[in-house]
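1. got a structure for you, letters missing:
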C-alpha cells in the first residue's frame, strides 16, 4: 500500500505522517518501522522492503522521506510504483513540493494522496537548517537557544532531530574522506569539515549513536523526542 503526503506546510504533513504511523502501529503492533531518506538510500533495500512476504512473513511500515528530491532515488521510486501499490507492506511517502507530472503518476497508484499547503501569502517563518551553525561551532548554549527558538516558531522536534543527524553524519564523512569521496556538495563539505575540526572522531560517533538511540526509544514509547533531544544538546 502506498500513501503520499506532500506540500509546503511541512509541519502539517509530518503531523499527518505521525497520525498514520500511530494508526499503523495500532493495526499491526508487531510490525517493524523502517525509514529511507537521502542519507541511507539504497535501491536494493527498497526492493527488499517491497517484498510482500519476507522471513516468517514479517510485516512492516516504511517511511520514504524526501526521496523524490534526488534524481537516482526518484527514478527508482517512479519505476516501482506498481510494486509499492501491490505490496502488503505500508509505504508512507513524505515530500515537500512535487511537480505536476510526478504527482499525476503517483496519484494513479497511491491509496491516498494528501497535500498540506501554506496559504499563498504565508511563508515559513524559520530556516530549520540554521541550527546546524551552532552545532558546527560546538556552541552548546547557542545550539540550545536555537533549538528552543525553532520549537517556538513551529518546527517539529522530529525535523530538528533529522537535521542534526544529517549534520553529524556529514561531519563524520568529512573527517574521514575528501569532498569527492563523500559525495557531498562543495559547500556542504566545507561546512562539515569546519565542524569536524571542533570534534574528535569518537565524539561524532557517540553523537550519531545517541541520536539513533533516541529514535529507537521514541518508537518503542520509552521517551519523548522533544525532551530527549534537548538532553542530547545539553550533553554536547
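-> On my side now, so go ahead. The model shown is predicted, which means the values in this text are computed figures rather than measured ones. Residues are numbered from 1 along each chain as shown.

2. so where's the protein shaky on pLDDT?
-> For the chain, residues meeting the criterion pLDDT under 70 lie at 52-57, 120-125.

3. can I see the domain layout of it?
-> Domain assignment for the chain by automatic domain parsing gives 2-115, 128-234.

4. can you add mean neighbour count and give these back as JSON lines?
-> All C-beta spots, glycine's among them, are computed from the backbone N, C-alpha and C. JSON lines is the format used below for the domains of the chain (neighbours: other CB atoms under 10 Å):
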{"stretch": "domain 2-115", "mean neighbour count": "16"}
{"stretch": "domain 128-234", "mean neighbour count": "16"}
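
5. strands of this protein, start to end?
-> Secondary structure of the chain by DSSP state E: the strands cover 2-6, 32-36, 60-65, 90-94, 112-115.

6. reformat those as JSON lines; add distance to residue 200.
-> Converted to JSON lines, these look like this (distance: least, CB to CB, whole Å):
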{"stretch": "strand 2-6", "distance to residue 200": "39"}
{"stretch": "strand 32-36", "distance to residue 200": "28"}
{"stretch": "strand 60-65", "distance to residue 200": "30"}
{"stretch": "strand 90-94", "distance to residue 200": "34"}
{"stretch": "strand 112-115", "distance to residue 200": "44"}
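
7. out of those strands, the one nearest residue 133 is which?
-> strand 60-65 (23.0 Å; CB to CB).

8. give me the angle between that closest one and strand 2-6.
-> On the basis of axes from the mean of the first three to the mean of the last three CA atoms, to 10 degrees, strand 60-65 is oriented at 30 degrees to strand 2-6.

9. what pairs with strand 60-65, and is each one parallel or antiparallel?
-> strand 32-36 (parallel), strand 90-94 (parallel) (DSSP bridges).

10. these: which one's closest to residue 203?
-> Residue 203 lies closest, by CB to CB, to one member of the strands paired with strand 60-65: strand 32-36, at 24.7 Å.

11. gap between that closest one and the chain center?
-> Centre-to-centre, strand 32-36 and its host chain are 11 Å apart (CA atoms, centre = their mean, to the nearest Å).

12. who's in contact with that strand?
-> With contacts defined as CB atoms under 8 Å, 6 or more residues apart in numbering, strand 32-36 is touched by 21, 42, 45-46, 49, 58-65, 67, 219.

13. and the residue nearest to residue 196 when sequence neighbours are not counted, what does it touch?
-> Nearest non-adjacent residue to residue 196, counting by CB to CB, 6 or more residues apart in numbering: residue 175, 3.9 Å away. Taking CB under 8 Å, 6+ apart as the criterion, residue 175 is in contact with 193, 196, 199, 201, 204.
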